[in-house]
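Undergrad: Model the following, please.
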Amino acid sequence: MRLLPLLTLCVLCLTSASASAALKIYGSSKFQFSAGNSKVTFGCGGINNPSTENATGTIQVRLWALDKPHAGGIIKGKVIASYQYDGLSPKAYYSPVSKTVAASMPGTKKAYYLCLTVMEYKADGYIVSDYRNFDGTTVLGPLKTFTLTGPWSWQTHPEAGTIDMKVAKIAHLRTGNTGTLKLAVWATKSLYKGGAISGWELGSVTKAALKPGYTYSDVINTAKYTKPPAGTYYVHILLSEFQDGGYKTVAHLTSGNTTDFK
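TA: As a prediction, this is how the structure comes out:
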């Protein structure tokens, strides 16, 4: 007498699970970062709703950077990028699934495992319905907000007391205005690789802040020249931005060669 109710209950449970089956990824998954990692294209062959009865909630496709491959359950890591689709009706699907969107990089530069997730909005928020781990690791880190693009050059005019500086392009990725900018030529005893600099500033000019999407191209400026002590130096051109009461170096270029100053 007890077996029939239990059997009936099990059948009901299986039917319910089939009717509310989670979203599924099918086909191959892919990702591709743009130059500089400011954008990423990612997706898969498609997403389908296998349920014969139930529609899904709103769908988010997310690309994650993880410390280890995802193995199910709650996912923890950095969301690199995401995009959204409307929920699917029963037995409906999206194919193909791929978009190019802005990328948000992790704060620490290192090798990460990347994972693609398809998430459905439930009562408590978005939950993972299906996922795909990508093979191997990818090195990611903070984006360069500013770039200096060569060719670049400098030329002193001791009799005039000036120094000329040229650079092909100054660009930025800020969503708002930059701070005031400073372009400077420096001489150092050791090869400069970023961060704090120790040496002699040969000359500098300030430039107005840039609006979003704006750049400086074919930059040519003349500054007052300060001669360093006699010796052999590496020469660099540095771009700095005015932040929190002072200038902070945000990009630089160096030839790698040394110059004798007498």
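
Undergrad: The chain - how does it break down into domains?
TA: Domain assignment of the chain by automatic domain parsing yields the ranges 22-140, 146-261.

Undergrad: Turn those into a markdown table, including mean pLDDT and mean neighbour count.
TA: Where C-beta positions appear, they are placed from N, C-alpha and C, glycine not excepted. What follows is the domains of the chain, written out as a markdown table (pLDDT from 0 to 100; neighbours: other C-beta atoms under 10 Å):
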| stretch | mean pLDDT | mean neighbour count |
| --- | --- | --- |
| domain 22-140 | 95 | 16 |
| domain 146-261 | 95 | 15 |
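
Undergrad: show me where this protein has helices.
TA: 3-19 (DSSP state H).

Undergrad: Spatially central residue for it, please.
TA: The structure's the chain has its C-alpha centroid closest to residue 105; by C-alpha atoms, centre = their mean the separation is 3.8 Å.

Undergrad: isn't that one right up against residue 39?
TA: No - counting by C-beta atoms under 8 Å, residue 105 stays clear of residue 39, with 11.3 Å between them.

Undergrad: First residue to last residue on stretch 41-60, what's the distance there?
TA: With C-alpha to C-alpha, to the nearest Å as the measure, stretch 41-60 spans 15 Å from end to end.

Undergrad: Pairing partners for the strand ranked longest in the chain, with directions?
TA: Ordering each strand of the chain by length in residues (DSSP state E) puts strand 246-261 first. Note on strand 246-261: by DSSP bridges, its sheet partners are strand 231-243 (antiparallel).

Undergrad: Just the C-alphas of the strand it pairs with, formatted as PDB.
TA: Output of strand 231-243 as PDB, limited to C-alpha atoms (Å, rounded to 0.1, in the frame of the first residue of the first chain):
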ATOM      1  CA  GLY A 231      77.200  62.500 -18.100                       C
ATOM      2  CA  THR A 232      75.600  59.800 -20.000                       C
ATOM      3  CA  TYR A 233      71.800  59.400 -19.700                       C
ATOM      4  CA  TYR A 234      68.800  57.500 -20.900                       C
ATOM      5  CA  VAL A 235      66.200  60.000 -22.300                       C
ATOM      6  CA  HIS A 236      62.400  59.400 -22.000                       C
ATOM      7  CA  ILE A 237      59.200  61.300 -22.700                       C
ATOM      8  CA  LEU A 238      56.600  61.100 -19.900                       C
ATOM      9  CA  LEU A 239      52.900  61.900 -19.900                       C
ATOM     10  CA  SER A 240      51.400  62.900 -16.500                       C
ATOM     11  CA  GLU A 241      47.900  63.700 -15.400                       C
ATOM     12  CA  PHE A 242      47.000  66.100 -12.600                       C
ATOM     13  CA  GLN A 243      45.300  64.000  -9.900                       C
END
